[in-house]
Every structure is written in structure tokens, then in C-alpha cells.
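Engineer: everything below, folded, please.
(chains A and B)
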Number of protein chains: 2
Amino acid sequence: MSAARGRRVGDSGTREAIADAARAQFASHGYHGATIRAIAAAAGVDPALVHHYYGTKESLFAAAMRLPVVPSEVLAAALEPAARAARSGPGFGELMVQTALTLWESDELSDTFLGLLRSAVTSEQAAVMLSEFIADSIFATLARVAGLETPKNSPEAEYRISMVATQMLGLALTRMVLGLPAVADASVDDLAATVGPAIDRYLTGEIPVPARRRRRRAGGH
Amino acid sequence: MSAARGRRVGDSGTREAIADAARAQFASHGYHGATIRAIAAAAGVDPALVHHYYGTKESLFAAAMRLPVVPSEVLAAALEPAARAARSGPGFGELMVQTALTLWESDELSDTFLGLLRSAVTSEQAAVMLSEFIADSIFATLARVAGLETPKNSPEAEYRISMVATQMLGLALTRMVLGLPAVADASVDDLAATVGPAIDRYLTGEIPVPARRRRRRAGGH
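Structural biologist: Sure, this is the predicted structure:
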């Protein structure tokens, strides 16, 4: 097969080595704890090359986890247009449920999504990693699209978006994993109309936002 | 240790044999599919003895799964008093969230609950079993306490209670398994006040109840 070796083989070998190193670092240090610098060192390359190949930490995570897309980019692209009109007023929650279910159940994503959920439920290490990734990447995107402050800087925004996550992940769990018949059989539109207003309330309604929270994880970047 | 053998050893051996047989039958045929008759046959005893030792199918399931309590009994006892006053009016959802979180996080139950959730997420067989058990046993109790029709006879009641399950299990997943900081750090009272009204809306509010559903599982008893 030596004739097949072209000038790109070295590149793709390096890319793979970086993705492998990233996977190991994310698994052992979590999403927060894994640094581009440490990943580069483990792969034996310069940190600049990691940035060159993968751009953001989230893109690198997506590649390392073999996600076919970068979640927050797809989510933002899907939610942005209607969000401009609704700006987290009535109707935004319904749109979010529709978008999320359609993405999760797409041929492209459903195996990956279920794989992440399964590993998070069975491994505490994977749970920390997924939880940190959701909090950092997905939450920031959702908050921006919904017109809330950045969750990292606002305990209220973090609580509101986290409550959205409780409902959305519960919907995924019962529909796609447990297969509760009434949830699994319902149409995306019916579920969106049912759950949407609950999402709107968590985002903008009057809920008892806890005044202050202790931070449980230091989480350096 | 032969001095320790007393007159109850035979009884407890039979009880254990029945629980073992039940565990195997539930795992291979699901909660619906497993019958007292088949469990008795597998344990080599008369069906009447299964009823004598364990009473209901749910109690047998609880014993087979080594649950320290029978879930619907504990739930009913905890919810009944306040439900009599509130009858699924405002405040009932808040009470349900408080009760469920307090039960799930009790020393007695949290390991069992997380174990069931983990096995359901990783094994399709366990997912069917847990989903059928929730739908049969927990849903019927919740509907009764909330003043709804029996879910088995009413697609609307089944859909409403199932939507409650999406939110409650999502709360458990994010708080106890993923450990999303804002959810994990919140007090039970804050979560109950936040989520309660969403539960009330699912139980009694105007939601688009799907008109008819195909039954995906025949589910004989």
C-alpha cells in the first residue's frame, strides 16, 4: 500500500494523535480541566498546531468524541433565526423543543447523543465531562440565543438554563432511552407545544432563583 | 453452622427461589410479560404460594429488584394527605417534587434508584422492564393521587402523567447522575417551587393531548 501514501498522511496522523490525546485528557481531567497545552504536550506537538487543526476547545472535544457536528454551532444555527423574532418570548421554548428533538433524532446524531448519555450515566468520570461540556458550551449558546446573560457570569442565567436542561434531558431520556410509550409515540409538534411553555417559564418567568450558590468545582481553563 | 438452622430456613429458601425466578422472568419478559404463573413454574411452586409470600406483582418486583420499599406505596403514603387538600390544584406539583426528591435522595433509596436508572440506560431489556413498571405501577398511583383517570384506560391521563415523568426523571438525571452544578446545589424547596407549576400544568393545564395513539406494546398480564 506504499503507493497510497500521499503528502497528507503525515497531517492526518498528527490530527489523529491530537484527537487521541484530547480524548484521554478530557476523560481524565474533565472538560474544564483538560487544557490545550496539556493535550498538545501529550500529542507531542506545539499548542499552536492544535489551534490550527481544531480551532476552539469545543471543536476539539467534538472531534475527540467523534461527534459529527459541533453541538453549539448546530444549535445556534437552528435557533438563531426564530430567536431574533421571539427573543425568548412565548414561542421560543416550543421552537427549542422542536429543534432539539429533531437534532437528537436525526440519523446523524442519535447514536452519538445516546452514546454520550449512556456513558455519562454509567461512568462518574464521563458524567463530570459531559456535565462540564454542557454547562460550558451548550449553556452559553442557549443563553445567548435566548437573550440571557452568560451563565458563567450570572448564577440566575445558569439556574434558568440548567432548569431547561432538566426538562430537555428528561424528554430525551424518556423518549429515546426508556421509551415510555406516550412520550415515544407523541409527535415532535405535540411535545413541543406541551413542553415549550415550561421552557419559556424557566427562561424568563418568575421562578425562585437561588440567591447565591457555592461553586462545587473550581474549573480552571 | 447446623445449629443455626431453624424452622424458617425452608420458608426463606422458597421465598428466595421465587424472587430469583421473578428477577429472571422480569428481565427476559419485561414487567408486563412476566406472569405470576410463569414465575411460580420457574421456581417450582404453586402460584398461590407466590401470592401468599409477596401479595401483588409490584411487591414481588420490588423484592426481586431488592428495592427496600414498594415505590407506589411509599409515594401514595407521602402524597395522599396533601393531595386530599390540593387535589391537583396549585401546590400539588410542588409537593410532588419535594416528595420525590426527598425519597430519591434518602439513604434508603438513592443507590437503588440510581442503579435502576443506570441499568435502564445501558440495557434495552432493563429499559423496557423499568418503563413498563413505571407505567403500570407508579403512573397508576400518581394518577389516583392527583385525581386523574387510570392511565391504562385513558390516553389523556397517560400522556399527562408521562409528561410529569419527563420532568421528574430529567431532574433526577441532572441532579443525581450528571451533577449539573446549579441543579445539584439547589435546595429541594427551591427546585420544588421552580418545577412544581410545570408539573401542575402537565397534570391539569391546557396541553395538546394527542387524540389517539397506537399501542406499541401489547402487554399481557
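Engineer: what number of residues lie near the closest residue to A:Gly44 other than its chain neighbours?
Structural biologist: Leaving aside its chain neighbours, A:Gly44 sits nearest to A:Ala17 (7.2 Å; criterion: Cβ to Cβ, 6 or more residues apart in numbering or on different chains). For every residue, glycine as well, the C-beta is placed using N, CA and C. The tally of other residues near A:Ala17 (other Cβ atoms under 10 Å in any protein chain shown) stands at 14.
Engineer: would you agree A:Ala17 is in contact with A:Leu49?
Structural biologist: No: using Cβ atoms under 8 Å as the test, A:Ala17 is too far from A:Leu49 to be in contact (10.3 Å).
Engineer: just the element for the residue nearest to A:Gly44, please.
Structural biologist: Counting by DSSP states H and E, the element that carries A:Ala17 is helix A:9-33.
Engineer: which of the residues in that helix are buried?
Structural biologist: Across helix A:9-33, burial judged by 16 or more other Cβ atoms under 10 Å in any protein chain shown covers A:14-15, A:18-19, A:21-27, A:29-33.
Engineer: between those residues, which sits nearest A:Ala100?
Structural biologist: Nearest to A:Ala100 out of these is A:Tyr31 (Cβ to Cβ; 20.1 Å).
Engineer: how about A:Pro208: what's its closest non-neighbour residue?
Structural biologist: B:Ala193 is the one closest to A:Pro208 (Cβ to Cβ, 6+ apart), at 4.6 Å.
Engineer: contacting residues around the helix or strand harbouring that neighbour?
Structural biologist: If you go by DSSP H and E, B:Ala193 is part of helix B:188-204. Residues outside helix B:188-204 that contact it (Cβ atoms under 8 Å, 6 or more residues apart in numbering or on different chains) are A:163, A:166-167, A:194, A:197-198, A:201-202, A:207-208, A:210, B:88-98, B:101-102, B:105, B:146, B:148, B:160-161, B:163-164, B:167-168, B:171, B:175, B:183, B:186, B:207.
Engineer: what subset of those residues is buried?
Structural biologist: The neighbour-count criterion (16+ other Cβ under 10 Å) marks A:163, A:166-167, A:194, A:197-198, A:201-202, A:207, A:210, B:88, B:91-98, B:101, B:146, B:148, B:160-161, B:163-164, B:167-168, B:171, B:175, B:183, B:186, B:207 among these as buried.
Engineer: I'd say A:Asp46 and A:Ala40 touch.
Structural biologist: Yes: the pair A:Asp46 / A:Ala40 is scored as a contact, 6.2 Å apart, by Cβ under 8 Å.
Engineer: these two: which has the busier surroundings?
Structural biologist: Set side by side, A:Asp46 and A:Ala40 show more neighbours around A:Ala40, with 20 against 12, by other Cβ under 10 Å.
Engineer: pretty sure the more buried one sits against A:Pro47.
Structural biologist: Yes: taking contacts as Cβ under 8 Å, A:Ala40 lies within contact range of A:Pro47: 4.2 Å.
Engineer: pull the helix or strand with minimum mean pLDDT from chain A.
Structural biologist: In chain A, no helix or strand scores lower on mean pLDDT, DSSP states H and E than helix A:71-86, which sits at a mean of 77.
Engineer: report the angle between the axes of it and helix A:188-204?
Structural biologist: Angle of helix A:71-86 versus helix A:188-204, following axes from the mean of the first three to the mean of the last three Cα atoms, to 10 degrees, is 80 degrees.
Engineer: please point out which parts of helix A:71-86 sit buried.
Structural biologist: By neighbour count on 16+ other Cβ under 10 Å, the buried set for helix A:71-86 is A:71-72, A:74-76, A:78-79, A:82-83, A:86.
Engineer: just to revisit the earlier point, just the CA coordinates for the helix holding B:Ala193, please, in PDB.
Structural biologist: Provided in PDB are the C-alpha atoms of helix B:188-204 (Å, rounded to 0.1, in the frame of the first residue of the first chain):
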ATOM      1  CA  VAL B 188     -35.200  20.800  47.500                       C
ATOM      2  CA  ASP B 189     -37.500  23.700  48.300                       C
ATOM      3  CA  ASP B 190     -36.200  25.900  45.500                       C
ATOM      4  CA  LEU B 191     -36.400  23.100  43.000                       C
ATOM      5  CA  ALA B 192     -39.900  22.300  44.100                       C
ATOM      6  CA  ALA B 193     -41.100  25.900  43.800                       C
ATOM      7  CA  THR B 194     -39.400  26.100  40.300                       C
ATOM      8  CA  VAL B 195     -40.600  22.800  38.900                       C
ATOM      9  CA  GLY B 196     -44.000  22.400  40.700                       C
ATOM     10  CA  PRO B 197     -46.000  24.700  38.500                       C
ATOM     11  CA  ALA B 198     -44.800  22.900  35.400                       C
ATOM     12  CA  ILE B 199     -46.000  19.600  37.000                       C
ATOM     13  CA  ASP B 200     -49.400  21.200  37.800                       C
ATOM     14  CA  ARG B 201     -49.700  22.300  34.100                       C
ATOM     15  CA  TYR B 202     -48.900  18.800  32.800                       C
ATOM     16  CA  LEU B 203     -51.500  17.300  35.200                       C
ATOM     17  CA  THR B 204     -54.400  19.700  34.700                       C
END
